[in-house]
Structure formats: C-alpha cells, structure tokens
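Undergrad: Below is the sequence, then the predicted model.
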Amino acid sequence: MNIYVLLKRTFDTEEKIALQNGQIAEDGAEFIINPYDEYAVEEAIQLKDKHGGEITVVTVGNEEAEKELRTALAMGADKAVLINIEDDVEYGDQYTTAKILAQYLKDQSPDLVLAGNVAIDGGSGQVGPRVAELLEIPYVTTATKLDIDGTNVTVVRDVEGDSEVIETTLPLLVTAQQGLNEPRYPSLPGIMKAKKKPLEELELDDLDLDEDDVEAKTKTIEIYLPPKKEAGRVLSGDIQDQVKEMVTLLHSEAKVV
C-alpha cells in the first residue's frame, strides 16, 4: 500500500506564544508536529504493519520543518519530502498548501492519503479536503476508526458527539480525529534509523509551479490574543438572595437576560 501523510509544523500551543506587530513571534517559540497529524502518522504505521507498503510524510514549508519530518521518520515512516517554498512564496494560505501538495501527489499514485483533521495553529480543516478535490478522489474527515479490506474501506467518523459509518474505496484521503489511535513516541533505535532514511527536498520549479499558480486566496490581517478574563465573583448569603443577585448581575453586567 502506497501511503502518504500530510504533515504540518506548528507552534506548540502549550507554550507561551508572543505576538509582535500583529504576527506570532517565532524567536524562542517551540515547534512540533501538529498533534492531529501525529494521529495520521500513527495510523499509517499501523496500516503498514497490517497490510505492508511504504509510508511517505510530506510537508510544505522551509528547512526548519526537517526536524518534524525526522521525528515522523523516527516514529516509523519510511521516507520524507520537504517542499521548500521559503524563497518562492511570500505569503500562502490553505489554498497555496493544498495546490502544492496535490501537484506533488498527482504523480505519486497514492492508495491512501492521511492528514490531520485540523491544524492547531489555524484550525481551518481545509487542506485535506482541498487536496482530495484537486486529486479528484473521495475523502472522509474526522475519522476515529479506519478499516481496509483490499480496496474497500470502512471509516467511522466523529460527528459532533455521535458517529457515522462511511463505506468507500481506495484511493482515498482521510483526516484523523482525536481518538483514532494513541501516537507512539520515537524510540532511540527509531531516532538513529531516521538519520539514514531518505529526506527529499523540492521547490516549486520541481513541481512545474510558479508563485502565480499558488497565489493565496485569503490574507491574514492581524493575529491577536483573546482578552484576559476578569476574576470570577463568589456570591454569599442565603440561597434565595444569591439567586436574586445572580439574576441581577446577568441582566445588568453580563447583559444575557
């Protein structure tokens, strides 16, 4: 089975993020594999163990993303591809990323493409479905279970607290939701092997694309942190008095009733 995993290098949102001039300051920031993409990598490894094949992880970004690709290789992926757009694209969005990934994948004959459901930095959930549309293959999002029997595929997907079962066929793109699996940590032998696994670096020219072909369709004007929450208020006294005070506060201050 020819499996490709779409991977994104993201900010670690558990670390403190600083903003400068309306943008996230990268100096001193911690970067990781997008957690939802880790589910995709893990699922690819489990499917390879069961069905055989080869796993290639692919990302669009700059040379800094090599670290995250090597982590995926250490987890168990076989090959990695970095499509470096640092010198070619001044600003990109989800359309840009999807266009580049689809252009690369169209010549690779993937049986299965796995991706994270969303990226924790942007949260749009657009790249996976956009890639599938450009490749003209079916896709299923928010997968929590994936079974493959030959070319037949059964996917259980999360739908806002419930689940839905989808039956389809390969080739297919699936985006991974939390609960699909428990991603493994890279082992020391895996880390050592990852240093010798192939990591190919491509640019737009290698894909017969130029900057105009991948021009962003949207523009981010500003990024800002949410306002600080005011301290809560503890009501005291008789329960009936507390209820009256709560109603008054909801009406006069919160203005929700």
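TA: Yes, it's here. Numbering: from 1, shown residues only.
Undergrad: which secondary structure elements does the strand or helix carrying residue 190 contact?
TA: Assigned by DSSP states H and E, residue 190 falls within helix 188-194. Packing partners of helix 188-194 (3 or more C-beta pairs under 8 Å, 6 or more residues apart in numbering; DSSP states H and E): helix 66-75. For every residue, glycine as well, the C-beta is placed using N, CA and C.
Undergrad: Next, the angle helix 66-75 makes with the helix or strand just after the helix it packs on.
TA: Following helix 66-75 in sequence order, the next helix or strand is strand 79-84 (DSSP H and E). Here the directions of strand 79-84 and helix 66-75 differ by 170 degrees (axes from the mean of the first three to the mean of the last three C-alpha atoms, to 10 degrees).
Undergrad: Send me the next helix or strand after strand 79-84 as PDB with only the CA atoms.
TA: Next helix or strand after strand 79-84 toward the C-terminus (DSSP H and E): helix 94-105. Only the C-alpha atoms of helix 94-105 are listed here, as PDB (Å, rounded to 0.1, in the frame of the first residue of the first chain):
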ATOM      1  CA  GLN A  94      -4.700  26.800   2.800                       C
ATOM      2  CA  TYR A  95      -5.200  27.000  -1.000                       C
ATOM      3  CA  THR A  96      -1.500  27.500  -1.500                       C
ATOM      4  CA  THR A  97      -0.600  24.500   0.600                       C
ATOM      5  CA  ALA A  98      -3.300  22.300  -1.000                       C
ATOM      6  CA  LYS A  99      -2.300  23.200  -4.500                       C
ATOM      7  CA  ILE A 100       1.300  22.400  -3.900                       C
ATOM      8  CA  LEU A 101       0.600  19.100  -2.200                       C
ATOM      9  CA  ALA A 102      -1.900  18.000  -4.800                       C
ATOM     10  CA  GLN A 103       0.600  18.900  -7.600                       C
ATOM     11  CA  TYR A 104       3.200  16.700  -5.900                       C
ATOM     12  CA  LEU A 105       0.800  13.800  -5.100                       C
END
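Undergrad: now helix 94-105 against strand 79-84, angle please.
TA: Going by the same axes, to 10 degrees, helix 94-105 makes 130 degrees with strand 79-84.
Undergrad: chain center to the helix or strand just after helix 94-105, what's the gap?
TA: Counting by DSSP H and E, the next helix or strand C-terminal to helix 94-105 is strand 112-116. When distances are taken as C-alpha atoms, centre = their mean, to the nearest Å, strand 112-116 is centred 10 Å away from the chain's centroid.
Undergrad: what's next to strand 112-116, contact-wise?
TA: If you take C-beta atoms under 8 Å, 6 or more residues apart in numbering as the criterion, strand 112-116 is touched by 1-6, 8, 34-41, 43-44, 47, 105, 127-128, 131-132, 135, 137, 148, 170-176.
Undergrad: Listing partners with orientation, what would you give for it?
TA: strand 2-6 (parallel), strand 172-176 (parallel) (DSSP bridges).
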